[in-house]
Structure formats: C-alpha cells, structure tokens
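Visitor: mind folding the following:
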Amino acid sequence: MTNAPDRALLLMDYQVALCEEGPHLRMPPLAAQVAERGVLATAEKVLSAARTAGWLVVHVRLAFDPTYTLRTNRLPRFDAYPDQRAMLADSPEAQIVAQLAPIEGEPVVDKGCVDPFVGTPLRDVLAAEGITELVLGGVATNLVVESAARHASDAGLQVTIVEDMCASFRADFHDFSVQNMLPLFGTVTTSVALLGEM
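Guide: Numbering: from 1, shown residues only. Down below sits the predicted model:
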C-alpha cells in the first residue's frame with residue numbers, strides 16, 4: 001500500500017435506513033447483518049485511524065433531490081424511492097449513522113444509483129486530490145462495494161476492500177462476493193491487518 005497522501009478511505013451507504021434499527025429502517029435483513037458482524041464499530045476504528053494518518057476520507061450515500069430526476073438508476077426496483085418519497089437528501093433516513101458522521105473537511109457524495117462513481121464527481125475529486133489507492137468499506141458488499149471496486153479498478157486505481165467493514169442482506173451474499181468477486185478487482189483484507197500496516 002502507498003502512503004497516506006495517495007490513499008483515500010471511501011465509506012459507502014452507512015446510512016440510518018440501511019444500518020440502524022428504529023423507525024427509519026428500510027432494510028431489516030441488511031441492518032441485522034451489520035449488527036451481527038459488528039460492522040459499524042469496525043468502520044469507526046478504521047475511520048479514526050484514517051483521520052489520524054491524514055488520509056482523504058470520502059462519504060458516499062444514496063440520497064435524492066425532491067424531484068427524483070437526478071436518479072440515474074431507472075430500474076423498476078428503484079421506483080419505490082420516488083413512489084414512497086424515500087431517501088430524500090434531508091430526511092432522517094438518508095443521513096449517515098452518527099458514529100461514522102462526516103467531520104469538517106470530509107466530503108459527502110450523494111448518488112442516485114448503486115455505483116458511487118456514476119452521476120457523481122467522485123472520480124474527478126479523487127484525481128484532483130492525487131489519489132491512487134482507494135480503501136473501501138460499505139453496505140451492501142455485493143452492491144455498492146462491488147460496484148465501487150469494479151469501477152475504481154477499471155479507472156486505474158489500486159483497490160483494497162476491508163472485509164469486516166462490509167455486510168450484505170445475507171451472510172452467503174457477502175461471503176460469495178468476498179471470496180469470488182472482489183478479489184478480481186482489488187486486495188481483500190481485514191481491519192486488523194489494515195490497522196497493523198497503518
């Protein structure tokens with residue numbers, strides 16, 4: 001891995017509606033896996049270390065404008081968002097969970113699809129900051145994490161996926177992605193190994 005100035009931590013979709021039990025929860029199976037795997041606590045440790053090391057930290061979330069016109073994914077399964085007026089950018093459910101909340105100076109990228117690079121300035125921001133390596137964590141493993149890893153590696157970035165910062169709707173979905181798909185696009189590691197290197 002390269003040194004801090006060239007590396008960024010990308011935290012993806014750690015949102016209230018996806019990760020926290022409570023009135024705003026939209027994805028109970030995903031939140032259950034997040035809790036069972038201790039994903040938020042692990043992500044918090046890595047985030048703290050990344051901040052201390054001076055890495056660029058970028059937060060990504062699924063969040064829509066009131067018209068939903070900026071939604072780039074037009075598949076029927078995404079129709080529920082405008083139909084239910086869900087995941088509006090300023091709604092409680094779309095917010096990043098408190099323990100991983102951005103601090104001053106950390107950008108938040110709003111996306112209207114699965115892939116954090118599509119329809120967003122993310123790639124341009126990383127290029128402008130001189131980033132050559134991305135360290136990824138997020139939910140769901142087989143959706144946003146896999147999409148980001150594919151896109152970033154095709155764009156010429158070195159990709160590291162922190163396995164225990166990720167979860168999916170079912171344990172076998174996560175395991176299949178980690179064992180079979182993600183190694184095609186980057187290096188799969190653990191938080192313990194990453195923190196040891198840092």
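
Visitor: tell me which residues touch the residue sitting nearest the centre point of the chain, please.
Guide: Against the mean C-alpha coordinate of the chain, by CA atoms, centre = their mean, the closest residue is Met12 at 1.3 Å. By CB atoms under 8 Å, 6 or more residues apart in numbering, Met12 lies in contact with His59, Val60, Arg61, Pro116, Leu136, Gly137, Gly138, Val139, Val144, Val145, Ala148. The C-beta positions use only the backbone N, C-alpha and C, and glycine is treated the same way.

Visitor: figure out the length between the terminal residues of stretch 123-134.
Guide: 11 Å (CA to CA, to the nearest Å).

Visitor: and that stretch, what's buried?
Guide: Neighbour-count burial for stretch 123-134, counted by 16 or more other CB atoms under 10 Å, picks out Arg123, Leu126, Ile131, Glu133, Leu134.

Visitor: is it fair to say Gly137 lies in a helix?
Guide: No: assessed with DSSP: H, G, I helix; E, B strand; the rest coil, Gly137 is strand; it does not lie in a helix.

Visitor: I figured it hits Ala43, correct?
Guide: Yes: using CB atoms under 8 Å, Gly137 is in contact with Ala43, at 5.4 Å.

Visitor: where exactly do the strands run in this protein?
Guide: 7-12, 56-62, 108-111, 133-138, 158-162, 187-189 (DSSP state E).

Visitor: which secondary structure elements does the last one sit against?
Guide: It stands for strand 187-189. strand 158-162 (3 or more CB pairs under 8 Å, 6 or more residues apart in numbering; DSSP states H and E).

Visitor: buried ones in stretch 96-112?
Guide: Buried residues in stretch 96-112, counted by 16+ other CB under 10 Å: Ile96, Val97, Leu100, Val109, Asp110, Lys111, Gly112.
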